[in-house]
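A.B. asks: Predicted model and sequence below, questions to follow.
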Amino acid sequence: MKKRAFAMTMAVMMAGGVLSGCASPTGTETSTAGSSPAKPQTTAAQTASVSTESPKDTTITFWHSMGGVNGEAIDTLVKEFNKENTSGITVEAQYQGSYDDAINKLKSAQIGSMGADLVQIYDIGTRFMIDSGWVIPMQELIDEDHWDLSQVEPNIAAYYTVSGTLYSMPFNSSTPILYYNKDIFDKAGITEIPDSLPGIEKIGDDLISKGGAGEVISLGIYGWFFEQFTCKQQAQYADNGNGREAAAAAVDFDKNGAGAKTLAAWKALSDKGYAPNVGRGGDAGLADFSAGKAAMTLGSTASLKQILNDVNGKFGVGTAYFPKVNDEDKGGVSIGGGSLWALNNEDPAKQQAVWEFVKFLVSPESQAYWNSQTGYFPVTVAAHNEAVFKDNIAKYPQFKTAIDQLHDSTPQSAGALLSVFPEARQIVETEIENMINNKGTPEDAVKKMAESINKSIEDYNLINN
């Protein structure tokens, strides 16, 4: 009854457009690597089910949001599992459109009957999925099988872990990094890559006057970047331990000063013309950079191959850590992307089939293949020992920046969990854009952000508590 009431509530919110934002605008971050994908050399039947309920000859439905080349990689993995597993398990993979489309279809399905057994959900849907009551925490499947969770990168697992419970299995994970045009930096005589927003401001004139840059940094207005700048300051985005000790009741970035510091540094770059308004979203800044106009941009690690393909050798592409807000900041970055959620269909055979498939997807062989085809992190530590991974790093050495940055971060930088995160990102982006367009101060923008997001949190908590 509780699940049905929750589903009806969320259907009303969905109809009203409350959950309209997205971690990726399309959920189809496509890699444009040249060659056709080779099949991963993975053994799908390495482990046997520990449940007394056999998954033999069981069919499960897997909903995902990977289109383009990423979708082709998913299809290859699914075909390999269906061919190799010895229990006769069949996985039917179904593309659901964007991340938003997938979670909205899931809400609609829950009002009637289950539509899937395993779903890929974006990072900012984590608190919603936990609250829904629709899932089997991945930790239960792990504990039943005595599976070694240390196989998963700890800084990735930390995001999806609440009160010691891993709720979903990381799958397609990424972090944002700084991309820079080596040729422009060489012409400007700049040998030290800036690691902070003030550092970018200091070299702005040289990049334009000496390096020939049309823009210093092509900085997309993206809520995820705002969250990362908060992490870099070792500050919390929301109260109640960033929404991890208990559901967040309000944002915290307005009280701890992190929001105002981020927007002050952002506005300083904008006011000097170093960071013009290039639009909203994580990919908004990529075009000017790939065209050779901007000396720098911020983007997901999963965009690396796309950028290299678009640049096509016209200039050298360098990568560096995501910049700090203040020179003295010591924080790390939080992951983005998506994870795998097991839905509670009250069918033990399906549950075990889901777990066998999940183990296959996060095996070192599968993850090395997934990384090579998509640019997402391999979430499994041992994937780094695979020849496919080593060959990919050799071909794209810029990706090592992302690996090093992940390892230099800590679980304390895992980021916030928020019930209304998609809406919050839209609010943040609107207020940043208004500020850049000279419609207010950083303090005004932060105040409006906090008021709007807190109202959404209050409404959500009132309905669901």
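C.D. replies: Looks like it arrived, so ask away.
A.B. asks: tell me the contacts of Ile393?
C.D. replies: Phe399, Lys400, Ile403 (C-beta atoms under 8 Å, 6 or more residues apart in numbering). Placement of C-beta: from N, CA and C, glycine included.
A.B. asks: part of a strand, is the first one?
C.D. replies: No: under DSSP: H, G, I helix; E, B strand; the rest coil, Phe399 falls outside any strand and is assigned helix.
A.B. asks: What pLDDT does the model give it?
C.D. replies: At Phe399, the model reports a pLDDT of 92.
A.B. asks: pretty sure it contacts Ala302?
C.D. replies: No: using C-beta atoms under 8 Å, Phe399 is not in contact with Ala302; the gap is 10.1 Å.
A.B. asks: neighbour-wise, which of those two wins?
C.D. replies: In this view Phe399 and Ala302 are compared by other C-beta atoms under 10 Å, and Ala302 has more residues nearby, 26 against 21.
A.B. asks: Pretty sure that one sits in a helix.
C.D. replies: Yes: counting by three-state DSSP, Ala302 falls inside a helix.
A.B. asks: show me what contacts the closest residue to Gly243 other than its chain neighbours?
C.D. replies: Closest residue to Gly243 apart from its sequence neighbours, by C-beta to C-beta, 6 or more residues apart in numbering: Leu417 at 4.0 Å. Shown in contact with Leu417 (C-beta under 8 Å, 6+ apart): Thr126, Arg127, Ile130, Val162, Ala238, Asn242, Gly243, Arg244, Ala248.
A.B. asks: Now, those that are in strands?
C.D. replies: Of the contacts of Leu417, the ones assigned to strands by DSSP state E are Val162.
A.B. asks: out of the contacts of Leu417, who has the most neighbours?
C.D. replies: Neighbour tally across the contacts of Leu417 (other C-beta under 10 Å): the maximum, 29 neighbours, falls on Ala248.
A.B. asks: start to end distance for stretch 410-417?
C.D. replies: 17 Å (C-alpha to C-alpha, to the nearest Å).
A.B. asks: And for the closest residue to Trp341 other than its chain neighbours, the neighbour number?
C.D. replies: Spatial nearest neighbour of Trp341, excluding adjacent residues (C-beta to C-beta, 6+ apart): Ser168 at 4.7 Å. Using other C-beta under 10 Å, Ser168 is surrounded by 28 other residues.
A.B. asks: dump the residue contacts of the residue nearest the centre of the chain.
C.D. replies: By C-alpha atoms, centre = their mean, the chain has its centre lying nearest to Gly336, at 1.5 Å. Shown in contact with Gly336 (C-beta under 8 Å, 6+ apart): Ala23, Ser24, Tyr122, Asp123, Ser173, Ser174, Thr175, Pro176, Trp224, Ser300.
A.B. asks: same thing but 7 Å
C.D. replies: Neighbour list for Gly336: Ala23, Asp123, Ser174, Thr175, Trp224, Ser300 [criterion: C-beta atoms under 7 Å, 6 or more residues apart in numbering].
A.B. asks: quick one: which of those is nearest Asp57?
C.D. replies: Nearest to Asp57, judged by C-beta to C-beta, of these is Asp123 at 34.4 Å.
A.B. asks: and the gap between the closest one and Ala416?
C.D. replies: Separation of Asp123 from Ala416 (C-beta to C-beta, to the nearest Å): 10 Å.
A.B. asks: that older thread, for the residue nearest to the centre of the chain, give the beta-bridge partners.
C.D. replies: Using DSSP bridges, the bridge partners assigned to Gly336 are Ser174.
A.B. asks: ok, now how distant is it from Glu451?
C.D. replies: For Gly336, the distance to Glu451 - C-beta to C-beta - is 26 Å.
A.B. asks: wait, isn't Ala265 in contact with Gly199?
C.D. replies: No: using C-beta atoms under 7 Å, Ala265 is not in contact with Gly199, being 10.2 Å away.
A.B. asks: For the stretch 301-450 of the chain, which segments count as helices?
C.D. replies: Using DSSP state H, counting those that start in this stretch, the helices assigned to the stretch 301-450 of the chain run over residues 304-311, 348-361, 364-374, 387-395, 400-408, 421-436, 442-464.
A.B. asks: and the fifth one, what other elements does it pack with?
C.D. replies: With contacts defined as 3 or more C-beta pairs under 7 Å, 6 or more residues apart in numbering; DSSP states H and E, helix 400-408 has these neighbours: strand 176-181, strand 317-321.
A.B. asks: which of the ones you listed is buried the deepest?
C.D. replies: strand 176-181 (a mean of 25; mean count of other C-beta atoms under 10 Å).
A.B. asks: Between which two of the contacts of Gly336 is the distance greatest?
C.D. replies: Ala23 and Thr175 (12.5 Å).
A.B. asks: Low-confidence regions, the stretch 351-465 of the chain specifically.
C.D. replies: 465 (pLDDT under 70).
A.B. asks: Try it again at 80.
C.D. replies: Scanning the stretch 351-465 of the chain for pLDDT under 80 picks out the ranges 464-465.
A.B. asks: quick revisit: what does the pLDDT read for the residue nearest to the centre of the chain?
C.D. replies: Reported pLDDT for Gly336: 92.
A.B. asks: Figure out the helix or strand that Gly299 lives in.
C.D. replies: Gly299 is part of strand 294-300, with elements assigned from DSSP states H and E.
A.B. asks: That strand pairs with which strands, and in what direction?
C.D. replies: strand 176-181 (antiparallel), strand 215-218 (parallel).
A.B. asks: Compute the inter-axis angle for it and helix 400-408.
C.D. replies: Counting by axes from the mean of the first three to the mean of the last three C-alpha atoms, to 10 degrees, strand 294-300 lies at 50 degrees to helix 400-408.
A.B. asks: pLDDT of strand 294-300, averaged?
C.D. replies: 97.
A.B. asks: what angle sits between that strand and strand 317-321?
C.D. replies: Using the same axes, to 10 degrees: strand 294-300 against strand 317-321 is 60 degrees.
A.B. asks: Not counting its own residues, what contacts strand 294-300?
C.D. replies: The contact list for strand 294-300 (C-beta under 7 Å, 6+ apart) reads 174, 176, 178-181, 184-185, 200, 207, 211, 213-219, 225, 282, 285-286, 288-289, 322, 336.
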